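In: Next input, structure requested:
(2 chains)
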Amino acid sequence: DTAVSQTPKYLVTQMGNDKSIKCEQNLGHDTMYWYKQDSKKFLKIMFSYNNKELIINETVPNRFSPKSPDKAHLNLHINSLELGDSAVYFCASSQGVGPGNEQFFGPGTRLTVL
Amino acid sequence: AQSVTQLDSQVPVFEEAPVELRCNYSSSVSVYLFWYVQYPNQGLQLLLKYLSGSTLVKGINGFEAEFNKSQTSFHLRKPSVHISDTAEYFCAVSERIQGAQKLVFGQGTRLTINP
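Out: Residues are numbered from 1 along each chain as shown, chains lettered A, B, ... in the order given. As a prediction, the model looks like this:
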């Protein structure tokens, strides 16, 4: 019974293409996040949504557009993919926005841009 | 802005030996600290967290961490490791930004357990 799921698990595509990654959580949480993990394993937050509203946007290029159709879903659309977008993208969720809240992570989507 | 430094990028140890993974943070406000573990090809899982109160925090899988305010450290320890502890370990500090929780991660420490 997966708590935070992402699709696809692997994504290989050419430069310039547009792609989407989907995320769903069945924990009843109201806050969701997207993180990027680079080739050196460094993790950085990209976006955060609370009750479908964008609350964190960490100077991510506007080629990246998150969309939250409801509290259980947060999708990430990427336009005009570049080589530097190759990374593992993690979705996460938490209940509320308190600084002490645990975040639950999905299994990740490995994006490779050729 | 808050930051986290994990002092060791790789730590190899033998099975059943003790281990300490080091983490230092910088913060000028209330501190909320976390250790997450990432097993190969998986997402992150919370090991333990410090919010307030007792400085010794116990987590899952026999791990514990000690919050030391004077040394701005939050080192992770386990008295006896198992092969299954092989993973990447991330220390993180939580800060409030724009009314939201933002986790700032360290660079990660790869723990390798040798038989």
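
In: which other helices and strands contact the longest strand along chain B?
Out: Longest strand of chain B, by residue count under DSSP state E: strand B:87-97. With contacts taken as 3 or more Cβ pairs under 8 Å, 6 or more residues apart in numbering or on different chains; DSSP states H and E, strand B:87-97 sits against strand B:3-6, strand B:23-26, strand B:32-38, strand B:73-78, strand B:100-105, strand B:109-114. C-beta coordinates here come from the backbone N, C-alpha and C atoms, glycine included.

In: which residues are contacting the fourth one?
Out: In this case it means strand B:73-78. B:18-25, B:33, B:35, B:47-48, B:50, B:61-68, B:85, B:89, B:91 (Cβ atoms under 8 Å, 6 or more residues apart in numbering or on different chains).

In: Which residues are in contact with the residue of chain A found nearest chain B?
Out: Closest contact between chain A and chain B, by Cβ to the nearest Cβ, is at A:Phe105 (3.6 Å). For A:Phe105, the contact set (Cβ under 8 Å, 6+ apart) comprises A:Val4, A:Tyr35, A:Phe90, A:Cys91, A:Ala92, B:Tyr36, B:Gly43, B:Leu44, B:Gln45.

In: Tell me the residues on chain A that lie near chain B, please.
Out: Within reach of chain B by Cβ under 8 Å from any Cβ of the partner chain, chain A has these residues: A:4, A:31, A:40-45, A:48, A:50, A:55-56, A:90, A:92, A:94, A:97-103, A:105-108.

In: Filter those residues down to the ones in strands?
Out: Taking DSSP E, the ones among those that sit in strands are A:4, A:31, A:43-45, A:48, A:50, A:55-56, A:90, A:92, A:94, A:105.

In: who wins for most neighbours among those residues?
Out: Tallying neighbours with other Cβ atoms under 10 Å in any protein chain shown puts A:Ser48 at the head of these, with 28 neighbours.

In: My read is that that residue contacts B:Lys102, right?
Out: Yes - assessed by Cβ atoms under 8 Å, A:Ser48 is found in contact with B:Lys102 at 7.4 Å.

In: Which neighbours do the two have in common?
Out: In contact with both A:Ser48 and B:Lys102: A:Ile56, using Cβ under 8 Å, 6+ apart.

In: what's in contact with stretch A:5-24?
Out: A:4, A:25, A:32, A:34, A:72-83, A:89-91, A:106-114.

In: I'd like to know which of those residues are buried.
Out: A:4, A:25, A:32, A:34, A:72-76, A:78, A:81, A:89-91, A:106-111, A:113 (16 or more other Cβ atoms under 10 Å in any protein chain shown).
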